[in-house]
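>>> no letters, just coordinates:
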């Protein structure tokens, strides 16, 4: 038997090498000999579309930021920086913006990005029914040469560069989109740091690093977005190591995640708000007195306590504090007053109350305040039956105005009060996101005037007047702003919470 001993020893040594390799591969620092090159990114809602020009949607944004790039970007400090456009310049009266493009930007299919793609993209955005109104005071776009583009505006607009930095302004390849628009939406091609691999609806979206990205290949090579609509389950998955990032971490799990030594908790006040949205074309909610009654029955502080662990601020107006046009001294005059609410119910024709169905997304940030609203409105005779829906289905129903009342969340990506134009001006019923369906001459006039007003104080006054009309006439009712919570594996560097949920995996790395 002695002559077999060297062979046995060699065999055991080989097994040991393979065992160590298997255990040590794809590990983060401290867990093995190699640094991880993958990230599992948890989303608590299904992205509605991978085409960035069809709608605005937070869950979709998370994927778009990886697949696409914009002409101008914002760094982690919120400063505007060059991206596809290496520099830009306004003419003397700020109505013509000239952008000089980089010459080394490739799409994921290997084709080079040129001015033709930029012109095509801007025109596509301008014609979009959902985001076209974001091109404020826009006239036309022209190609000056293969790497120079000019945008013409009918009047100066201070937020123009902010708009171009929005993920909704992602540049897409003209040839591919023109050839097969539906195919592009299902298997998108961008010029961002990650390229599309596959999508399993309701389960995951898989991306991988794009080695020819103009800023250099990402250190995170494999990126998987995992869809977990139950926020508590997603938080548990993060703690178990099944997720590395949870971008929309439920505030109900805040303390548990803070207490976990393997998790880092991040938070910042969101540049957005929760609000009550009505469909004024609905047979029930066309009744302005009913809408007014509801506004006097809402206890915002109780809603903040129950829906986001008290980590929020009641809002008087529709614009949150971080948005240009916000006035800290503005008061809307609609305070909690149950007796007044009950009297308005009588005037609305519902002395004995009524039963209504309210659509709600299944995510906690929507469902919890809807449950609280259900309890609060029961005090004035309104019985709410909640119809809990998957995110994409809910967005579809709201978009086609197949609802009466719902709780909505809106993040203001551009950070300017002109967002009210997109949501409440009559022109935006068909071309924007006026889900209320209001076409109010007084409101339209104020929003048109504010759009071109250059005096900052006058703009604030105009937006105060516009918000008062929105609230007094019951088009919507502001509730609260809150802390945006996010959490990640403690060894993941570069991650942070963001006021508009802007996440760039390209900037992340393992310790």
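Arrived safely, thanks for sending. The structure displayed is predicted, hence computed values, not measured ones. Residues are numbered from 1 along each chain as shown.

>>> residue 334 against residue 295, yeah?
Yes. When contacts are counted by C-beta atoms under 8 Å, residue 334 is listed as touching residue 295 (4.6 Å). Yep, even glycine has a C-beta here, placed from its N, CA and C like the rest.

>>> give me the common contacts of the two.
Jointly contacting residue 334 and residue 295 under the rule C-beta atoms under 8 Å, 6 or more residues apart in numbering are 471, 477.

>>> more neighbours: which of the two?
More neighbours sit around residue 295 than around the other of residue 334 and residue 295, counting by other C-beta atoms under 10 Å; the figures are 23 against 19.

>>> for the more buried one, what are its contacts?
Residue 295 sits in contact with 276, 334, 341, 471, 474, 477, where contact means C-beta under 8 Å, 6+ apart.

>>> which one among the residues you listed gets closest to residue 306?
residue 276 (15.6 Å; C-beta to C-beta).

>>> might one say that the closest one is in contact with residue 298?
Yes. Applying C-beta under 8 Å as the test, residue 276 and residue 298 come out as touching, 7.4 Å apart.

>>> find residues that contact each of those two.
Where contact means C-beta under 8 Å, 6+ apart, the residues bridging residue 276 and residue 298 through contact with each are 373, 477, 479.

>>> count of residues packed around the first one?
If I follow you right, that is residue 373. Applying the criterion other C-beta under 10 Å, we find 26 residues in the vicinity of residue 373.

>>> in the stretch 301-450 of the chain, which spans are strands?
Secondary structure of the stretch 301-450 of the chain, counting by DSSP state E, counting those that start in this stretch: strands at 312-314, 354-361, 382-389, 405-411.

>>> coming back round to it: just give me the closest of the contacts of residue 295 to residue 308.
Checking the contacts of residue 295 against residue 308 with C-beta to C-beta, the nearest one is residue 276 at 15.8 Å.

>>> which non-adjacent residue is nearest the closest one?
Nearest residue to residue 276 in three dimensions, chain neighbours excluded: residue 477, at 4.3 Å (C-beta to C-beta, 6 or more residues apart in numbering).

>>> check for me that the one you found belongs to a helix.
No. Residue 477: not assigned to a helix; according to DSSP: H, G, I helix; E, B strand; the rest coil it is strand.

>>> and it, what does it touch?
Contacts were defined as C-beta under 8 Å, 6+ apart; by that measure residue 477 touches 275-276, 291, 294-295, 298, 334, 471.

>>> sec struct for the closest residue to residue 193 other than its chain neighbours, please.
Sequence neighbours aside, residue 506 is the residue nearest to residue 193 in space, at 4.2 Å (criterion: C-beta to C-beta, 6+ apart). Using three-state DSSP, the secondary structure recorded for residue 506 is helix.

>>> residue 382 and residue 358 touch, don't they?
No. Using C-beta under 8 Å as the test, residue 382 is too far from residue 358 to be in contact (9.8 Å).

>>> which of those two has more neighbours?
In terms of neighbours (other C-beta under 10 Å), residue 382 is the more surrounded of residue 382 and residue 358; the figures are 23 against 20.

>>> partners of that one in the sheet?
When assigned by DSSP bridges, residue 382 has beta-bridge partners residue 354.
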